[in-house]
Structure formats: structure tokens, C-alpha cells
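Chemist: Sequence plus predicted model, see below.
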Amino acid sequence: MPEYWFNVVTHQVEVGAQSDWTQLIGPYETRAEAEKALEKVRERNEAWDAQDED
């Protein structure tokens, strides 16, 4: 089963880790999950910021 990675430099989904690990978020099970990687990161950051405010 392939793994999908989101490249934060190119903003492209990679099948298998093709780029340097410092440029990748993942792995994800599906291309759709990888495409939403930045959205997921933003949501988690907002949740952590809200916890810090409490």
C-alpha cells in the first residue's frame, strides 16, 4: 500500500517519500488526506493555542 506525503515547499502530494524529510508532512493513507495536510496543521495549531489560553 503506498504512503502519501505532503511537500511543504512544492505544495504537492508525493507517492512515497521522494523529497527530504524536512520538507514532508505525513505519511497519510490516502491522497485526499495528504492534500488536506496544511488544513489539518492549522486546525491543530489553533486547538493548541486555545489550550494555551486556558
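Modeler: On my side now, so go ahead.

Chemist: Backbone torsions only: list them for Glu33.
Modeler: phi -60, psi -40 (degrees, to the nearest 10).

Chemist: what about it, how many residues close to it?
Modeler: By the criterion of other CB atoms under 10 Å, Glu33 has 15 neighbours. Yep, even glycine has a C-beta here, placed from its N, CA and C like the rest.

Chemist: What of Ala34?
Modeler: Using other CB under 10 Å, Ala34 has 23 neighbouring residues.

Chemist: go on, the one 5 residues further on?
Modeler: By the measure other CB under 10 Å, the count of residues near Glu39 is 9.

Chemist: Show me what the host helix or strand of it is packed up against.
Modeler: Assigned by DSSP states H and E, Glu39 falls within helix 37-53. Identification of packing neighbours for helix 37-53 by 3 or more CB pairs under 8 Å, 6 or more residues apart in numbering; DSSP states H and E yields strand 24-28.

Chemist: Report the buried residues of the strand it packs on.
Modeler: Leu24, Gly26, Tyr28 (16 or more other CB atoms under 10 Å).

Chemist: Show me the residue at the heart of the protein, geometrically.
Modeler: Nearest to the mean C-alpha position of the chain, counting by CA atoms, centre = their mean, stands Ala37 at 3.3 Å.

Chemist: show me the contacts for that residue.
Modeler: Phe6, Ile25, Gly26, Tyr28 (CB atoms under 8 Å, 6 or more residues apart in numbering).

Chemist: Quick check: the two most widely separated of these?
Modeler: Ile25 and Tyr28 (8.3 Å; CB to CB).
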